[in-house]
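Engineer: Build me a structure from this.
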Amino acid sequence: MNSFLLTSLLLFLGAGVSAQFRQPSLEEAAARRWSLLNADRIAADADGQGITLSDVRRQIDPIVGQIRAAARTDLEFDQALKQAAEETLRSMAERQLVIAEFRANTANLPASYIDGDIEETIRRDFGGDRNRFVASLRAAGTTPLAYRKTIEDRIIFEFMVGQIRRRAWDVNPGKIQEYYDKNKADFLRKEQVKLRQITLTQGAAEKPEETAARAAAWADALAHPAKIAELLERYKVGGKPAGGPLTFADVAERISADDYARKGGDTGWRNVDDLNQTVVQALRTLKPGQVSAPLRFDVGAAPLYVIISPEDTRPKGYAPVSDPEVMTEIEGKVRAITLKLEIQRWLDEIRAKRLVQMR
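Structural biologist: Now for the predicted structure:
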């Protein structure tokens, strides 16, 4: 992109925006106004399809505020705006090349695809009112025909990228192992515990000693599940009927006062180093499946009690590649890397066949 084009584009996009940093002189204001009236021109030609400065502006306008907020000076703002303009223009040119490739090698996109997309938009965004839809297009400065072309291009582009994405989706065990071996340091874990907890707070009509007794009763019942049903009845605790013997998770859903209640008290895998020392000390005495005595914490005007139960532990060290969590993480990263490489290779092939000119 030549220097005149960049200057025009920055003026075209930034008129009235850089003014947030300093007041322009009369000469600068006049130059910017002249640019607004005269700067629009062809910025690039992608296989015969022109891309104008106003096309680029429409893409960048939504993020100009973010760019302005992140910039500390006029110079930083102009440089960031220039970079955004270059990246947007390049992306738009590549998109046009992809669409041209589709049209050169595939029959026309079935009209029903475009009709279906537009009808869904009218139904979803305009309550099925086509007149409102057309009015919104006029307000945006476009026409139904131009909008239809936009939708057609989007569907084509998404279809073409989807073809590449499908090729990148399959990740074989060899690629997983290769990524793991090269990035093993990323899978070093601290000592961890998979923990469930129940938090009990003092009721409005309870005395502190009554809350302590209630917490102790629940801890005892959780350690001896045959007592749970009787305790539910005693404290008039409702809840959906369980399909079998009540578990720690069932009780947590019914009585816990923390954010983990809806997940049955499941706090997930936690680094032991990140836990409160009172909790850590209790964990050191428990085996998976065992239940702690109530742990008292003095926060605010009244104490609260936490009952914990470890489900599993992990020692400090490298997570094995066979761990489902590790495999899922690696699959996602390998797919992302492969997709990026496949798209780049694909675009290079298209560029070799089709002409792009930045003016």
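Engineer: Identify the residues contacting the strand or helix carrying residue 212?
Structural biologist: Of the helices and strands defined by DSSP states H and E, residue 212 is found in helix 208-223. Helix 208-223 is contacted by residues 198, 200-203, 206, 227-228, 230-231, 235, 248, 251, 255, 290-294, 296, 302-303, 305, 307, 309 when judged by Cβ atoms under 8 Å, 6 or more residues apart in numbering. From N, CA and C alone the C-beta is placed, and that goes for glycine too.
Engineer: following the helix or strand harbouring residue 97, which helix or strand shows up next?
Structural biologist: Residue 97 is located in helix 74-105, with elements delineated by DSSP H and E. Tracing the chain C-terminally past helix 74-105 and defining elements by DSSP H and E, one meets helix 111-126 next.
Engineer: If you count neighbours, what's buried in that next one?
Structural biologist: Applying a neighbour-count criterion of 16 or more other Cβ atoms under 10 Å, one finds 114, 118, 122 buried in helix 111-126.
Engineer: Redo those as CSV? Include pLDDT and distance to residue 91.
Structural biologist: Supplementary listing: the buried residues of helix 111-126 in CSV, determined by pLDDT from 0 to 100; distance: Cβ to Cβ, whole Å:
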residue, pLDDT, distance to residue 91
114, 93, 23
118, 95, 25
122, 95, 29
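Engineer: list the helices and strands the helix holding residue 97 packs on?
Structural biologist: Packing partners of helix 74-105 (3 or more Cβ pairs under 8 Å, 6 or more residues apart in numbering; DSSP states H and E): helix 3-14, strand 42-46, strand 49-52, helix 53-70, helix 144-169, helix 324-353, strand 356-358.
Engineer: Swap in 7 Å and give it another go.
Structural biologist: Based on contacts counted as 3 or more Cβ pairs under 7 Å, 6 or more residues apart in numbering; DSSP states H and E, the elements that helix 74-105 packs against are helix 3-14, strand 42-46, strand 49-52, helix 53-70, helix 144-169, helix 324-353.
Engineer: Out of those, which gets the lowest mean score?
Structural biologist: Considering the helices and strands packed on helix 74-105 one by one, the lowest average pLDDT is found for helix 3-14, at a mean of 42.
Engineer: In three-state terms, how would the nearest residue to residue 254 once chain neighbours are set aside be classified?
Structural biologist: Leaving aside its sequence neighbours, residue 254 sits nearest to residue 239 (Cβ to Cβ, 6 or more residues apart in numbering; 4.4 Å). Three-state call for residue 239 (DSSP: H, G, I helix; E, B strand; the rest coil): coil.
Engineer: OK, contacts around residue 248?
Structural biologist: In this structure, residue 248 makes contact with 196, 222, 265, 291, 309, judged by Cβ atoms under 7 Å, 6 or more residues apart in numbering.
Engineer: ranking those by neighbours, who comes first?
Structural biologist: Within those, neighbour counts (other Cβ atoms under 10 Å) peak at residue 265, which reaches 26 neighbours.
Engineer: That residue: what's its closest spatial neighbour, skipping adjacent residues?
Structural biologist: Once its chain neighbours are removed from consideration, residue 265 has its nearest residue in residue 252; the separation is 3.1 Å (Cβ to Cβ, 6+ apart).
Engineer: Also residue 101?
Structural biologist: Leaving out its chain neighbours, the residue that sits closest to residue 101 by Cβ to Cβ, 6+ apart is residue 350, at 5.2 Å.
Engineer: and the one you found, how many neighbours does it have?
Structural biologist: Other residues near residue 350 come to 18 when the count uses other Cβ under 10 Å.
Engineer: Pretty sure it sits against residue 97.
Structural biologist: Yes. Counting by Cβ atoms under 7 Å, residue 350 sits close enough to residue 97 to count as a contact (4.9 Å).
Engineer: average model confidence for the helix holding residue 97?
Structural biologist: 83.
Engineer: and the angle for that helix with helix 144-169?
Structural biologist: Comparing the axes of helix 74-105 and helix 144-169 via axes from the mean of the first three to the mean of the last three Cα atoms, to 10 degrees yields an angle of 90 degrees.
Engineer: Show me how far helix 74-105 is from its chain's centre.
Structural biologist: Offset of helix 74-105 from its chain centre (Cα atoms, centre = their mean, to the nearest Å): 23 Å.
Engineer: Give the buried residues for that helix.
Structural biologist: For helix 74-105, by 16+ other Cβ under 10 Å, it's 77-78, 80-82, 84-86, 88-89, 92-102.
Engineer: ditto for stretch 290-305
Structural biologist: Taking 16+ other Cβ under 10 Å as the neighbour-count basis, stretch 290-305 is seen to contain the buried residues 291-292, 294-295, 303-305.
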